[in-house]
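[1] Predicted model follows, preceded by the sequence.
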Amino acid sequence: MSSTEKTTKRYFAWDPLSDPEFAPLVVGEGHVGGKGRSLLYAIHTLRNSGDEALARTALPRSLFLSVNTFYDFLRQIPDFSPSMALLHPEETEKLFLATPLPEQAILALRTFLAKVEDPLVVRSSSILEDSVIHSFAGKYLSTFFGNVTSDLDVRMNAVTTSIKRIYARTFFQKAVSYREKHGLGEDAMGIIVMRMAGKWRGRYFYPTTGGVAYSKNFRRWSTRLRVEDGVVRLVFGLGTMSTKRGYARTYSLTNPNLRPEGQNPYKIMRHAQEHFQVVDREHPDDLTTLDVKKCWKQIYPFHRDLSIYAQVYHPDPYGGTFFALCPLSELSEGFSKICLTFEEFPRKYPRFFSRMKKTLALLEQAMGVPADVEFAYEPEEDHLELLQSRPLWQAQSEPCTDIPETPDRRVILKADRMVTNGAIPDVPYLVYVDHRVYAVAENFFAVARSVGRVNQQLSGSRFIFVAPGRVGSSNPELGVPVQYHELTNCCCIVELGIPKLGYMPELSYGTHFFSDLEVDNVLYMPVYDGEKRNIFDESWFDSMPFELGPHDAIRIYKGHFSVYMNGESNEGVILADNNGTGVSNEPERS
């Protein structure tokens, strides 16, 4: 056994119940689940690092329900079986909600809530979430709520209801199908009840910044960056925005001024965060999404340094110009928007990057595998809270793939950034969402569901999926809102950047969508139409025969397609036969 394997074995063997600092935080005996154990291990490692800054990393006030508490709960349900739950998920949840939690858990939760009156998050922490191979990101449930009432019974009911709903999700189809797909068997659920990171700023509760960070950067946007440099996705407000396929500021931890989108003001504006999430005291039971353009004057008194994060963009024929934001800023007629570019953040807070780099390096060393964390950060106080820590799910490392000479084949797509190593020769199908048709579609979600039907139609065959913008985006104006389970036969995703229509791919490390891609070895590359070293051969897509999918925006091409990617040179290509085989001479509806 190698030294790295021994380190990883020690990491998985660590039990927080054996640590007098953490044992009082756990309700019940046995495993506390993957998220809980990994988070406590990270805090344990940082506090014993000998580095004063790392040792100050905070764990939000938390309570952990062990997996044994889950089993005790299930034993209170008469005649319950996992197979019954799978057939009737709604009835299962109803049954779970009607069953009381074990008394030990009730007493511990009341004691915890009597001391914590700030907003809370209730997270899943199943045993199978403790893995270096499989990602359960988004498969279970996390619940956020305001916890603002003074009535302890009301707050208790909200927390216990959330716990029971998470318990029920263990048996829902989304999680069961994922476990079956990977041959994982049954799961058991732990729970984390955690004070949300942040503070009250007027009627809103949120941290100044939050995000996700990784000790390795497997999708570099420049050959000037190294894999070991690490990467962070940073957002203003709650870090929930960083795990979705929306806007976030992506930094290399060793070269934070090198933007993935380049230095053109228009492209920076198109990639910049516009909305952020908070808990609103007036609507505390759901997360509220605010538009910075509409609320910036409202939050300015709480962020005298808001110009470090936000800029005013004015368009012009040359790509536009950014101006500093100040309390007296007036938005002119030519104003495009205020956007959260984080332009001054690296200069103002360089300590954040050095601290995050050291944190990730230490956790990777302690676990024996690359590290993945979620965090909240108050820059002025240099206060870092660790919200989640786990191994970075990654595909098996592949050797660099040489891009072949292709005199008899046509390069129809080419990328120059964010690719890893991989090769998939002779893929029989390519599924394409025409950006021109998608842009004027009456129902974007109908397009996404139609992609799912094509996926079913091609069951047993691999296909390449090519679509404008961000595949899997929750905002359909940014890209096709297809869900991951609707792409189970897809072996490669190509996101097309069409700047004139506002479709811009984005490096989305940290999103649930990308976690699944990494685990299932789905290759990915972004192609930017009109940029040097990028190819989008639209003439090929328009001239070759295709079958029309269930929606007019979807085309299905049949032939011999190959994918080659080289992570060292940061180059990826999709090749097609020069003769452009297809399924018919004229487009037909599937």
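    Okay, I see it. Residues are numbered from 1 along each chain as shown.

[2] and residue 252, what is it in contact with?
    217, 220, 225, 229-231, 258 (C-beta atoms under 8 Å, 6 or more residues apart in numbering). Backbone N, C-alpha and C define where each C-beta goes, glycine included.

[3] what separates it from residue 549, distance-wise?
    Here the distance between residue 252 and residue 549 works out to 39 Å (C-beta to C-beta, to the nearest Å).

[4] Also residue 68?
    On the measure of C-beta to C-beta, residue 68 and residue 549 end up 49 Å apart.

[5] Equivalent analysis for residue 170, please.
    35 Å.

[6] More neighbours: which of those two?
    residue 170 (25 against 22; other C-beta atoms under 10 Å).

[7] Just confirm the more buried one contacts residue 191, I think it does.
    No. Residue 170 lies out of contact with residue 191 (C-beta atoms under 8 Å); the separation is 11.1 Å.

[8] about what we covered before: any idea which of the contacts of residue 252 is the one closest to residue 298?
    Nearest to residue 298 among the contacts of residue 252 is residue 231, at 32.1 Å by C-beta to C-beta.

[9] surely that closest one meets residue 214?
    Yes. Applying C-beta under 8 Å, one finds residue 231 in contact with residue 214, separated by 5.3 Å.

[10] What strand or helix carries residue 555?
    strand 554-566 (DSSP states H and E).

[11] low pLDDT regions in the stretch 251-400 of the chain?
    By pLDDT under 70, the weakly predicted segments of the stretch 251-400 of the chain are 328-336, 393-400.

[12] so where do the strands sit in it?
    Assigned by DSSP state E, counting those that start in this stretch, the strands in the stretch 251-400 of the chain fall at 275-280, 283-291, 310-314, 321-324, 337-340, 371-378, 383-391.

[13] how about the ones you listed in JSON lines, adding distance to residue 460 and mean neighbour count?
    JSON lines is the format used below for the strands of the stretch 251-400 of the chain (distance: least, C-beta to C-beta, whole Å; neighbours: other C-beta atoms under 10 Å):
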{"stretch": "strand 275-280", "distance to residue 460": "41", "mean neighbour count": "22"}
{"stretch": "strand 283-291", "distance to residue 460": "40", "mean neighbour count": "16"}
{"stretch": "strand 310-314", "distance to residue 460": "48", "mean neighbour count": "21"}
{"stretch": "strand 321-324", "distance to residue 460": "51", "mean neighbour count": "14"}
{"stretch": "strand 337-340", "distance to residue 460": "45", "mean neighbour count": "22"}
{"stretch": "strand 371-378", "distance to residue 460": "33", "mean neighbour count": "23"}
{"stretch": "strand 383-391", "distance to residue 460": "32", "mean neighbour count": "22"}
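
[14] on that earlier part again, which other helices and strands does the strand holding residue 555 contact?
    Packing contacts for strand 554-566, counted by 3 or more C-beta pairs under 8 Å, 6 or more residues apart in numbering; DSSP states H and E, involve strand 422-433, helix 444-457, strand 523-528, strand 547-548, strand 571-577.

[15] what do residue 170 and residue 191 both touch?
    residue 70.

[16] which ones are touching residue 437?
    With C-beta under 8 Å, 6+ apart, residue 437 has these contacts: 552-553.

[17] Tell me the spacing between it and residue 501.
    11 Å.

[18] cool, and residue 560?
    Counting by C-beta to C-beta, the gap from residue 560 to residue 501 is 30 Å.

[19] same thing with residue 265?
    Distance from residue 265 to residue 501, by C-beta to C-beta: 19 Å.

[20] Between these two, which is the more surrounded one?
    Neighbours per residue, other C-beta under 10 Å: of residue 265 and residue 501, the larger number sits with residue 265, 20 against 16.

[21] That one touches residue 321, doesn't it?
    Yes. Using C-beta under 8 Å, residue 265 is in contact with residue 321, at 6.1 Å.

[22] Find the residues that touch each one of those two.
    In contact with both residue 265 and residue 321: residue 313, using C-beta under 8 Å, 6+ apart.

[23] All the helices of the stretch 251-400 of the chain, in order from the start?
    Under the criterion DSSP state H, counting those that start in this stretch, helices of the stretch 251-400 of the chain are mapped to 265-271, 292-299, 345-348, 350-367.

[24] quick one, which of the ones you listed is nearest to residue 411?
    Using C-beta to C-beta, the helices of the stretch 251-400 of the chain put helix 265-271 closest to residue 411, at 24.1 Å.

[25] Put the alpha carbons of that closest one into CSV.
    Provided in CSV are the C-alpha atoms of helix 265-271 (Å, rounded to 0.1, in the frame of the first residue of the first chain):
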residue,chain,number,x,y,z
PRO,A,265,-15.3,44.5,-20.8
TYR,A,266,-18.3,43.2,-22.7
LYS,A,267,-17.3,39.6,-22.0
ILE,A,268,-16.6,40.4,-18.4
MET,A,269,-20.1,42.0,-18.1
ARG,A,270,-21.7,38.9,-19.7
HIS,A,271,-20.0,36.6,-17.3
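
[26] Could you list every helix and strand in contact with it?
    Packed next to helix 265-271, using 3+ C-beta pairs under 8 Å, 6+ apart, are strand 321-324, strand 337-340.

[27] Partner strands of the first one, with direction?
    Each strand paired with strand 321-324, and its direction, by DSSP bridges: strand 310-314 (antiparallel).

[28] Now do the buried residues in stretch 140-156.
    Judged by neighbour count (16 or more other C-beta atoms under 10 Å), stretch 140-156 contains these buried residues: 140-148, 155-156.

[29] which two from those residues end up farthest apart in space?
    Once C-beta to C-beta is applied, those give 140 and 148 as the farthest pair, at 25.4 Å.

[30] Would you check how far apart the closest residue to residue 555 other than its chain neighbours and residue 267 are?
    Leaving out its chain neighbours, the residue that sits closest to residue 555 by C-beta to C-beta, 6 or more residues apart in numbering is residue 546, at 4.2 Å. Residue 546 sits 31 Å away from residue 267, taking C-beta to C-beta as the criterion.

[31] which one of those two has more residues nearby?
    Using other C-beta under 10 Å as the criterion, residue 546 and residue 267 rank with residue 546 on top: 24 against 20.

[32] Now do the same for the more buried one: its pLDDT.
    The score at residue 546 is 97. That number is its pLDDT.

[33] Show me this protein divided up by domain.
    Domain ranges of the chain: 3-196, 207-348, 409-589, per automatic domain parsing.

[34] Stretch 237-253 spans what distance, first to last residue?
    Start and end residues of stretch 237-253 are separated by 20 Å (C-alpha to C-alpha, to the nearest Å).

[35] Please disregard the earlier target; I meant stretch 435-450.
    Counting by C-alpha to C-alpha, you get 15 Å between the two ends of stretch 435-450.

[36] Ok, stretch 197-207 next?
    6 Å.

[37] Just the buried residues of that stretch, please?
    Buried residues in stretch 197-207, counted by 16+ other C-beta under 10 Å: 197-198, 201, 204-207.

[38] Closest one to residue 542 out of these, please.
    Of the buried residues of stretch 197-207, the one sitting nearest to residue 542 (C-beta to C-beta) turns out to be residue 206, at 46.7 Å.

[39] Please identify the buried residues of stretch 531-541?
    In stretch 531-541, counting by 16+ other C-beta under 10 Å, buried: 531, 534-537, 540-541.

[40] Give me the residues contacting that stretch.
    410-416, 432, 434, 496-497, 527-529, 555, 557, 571, 573, 576, 580.
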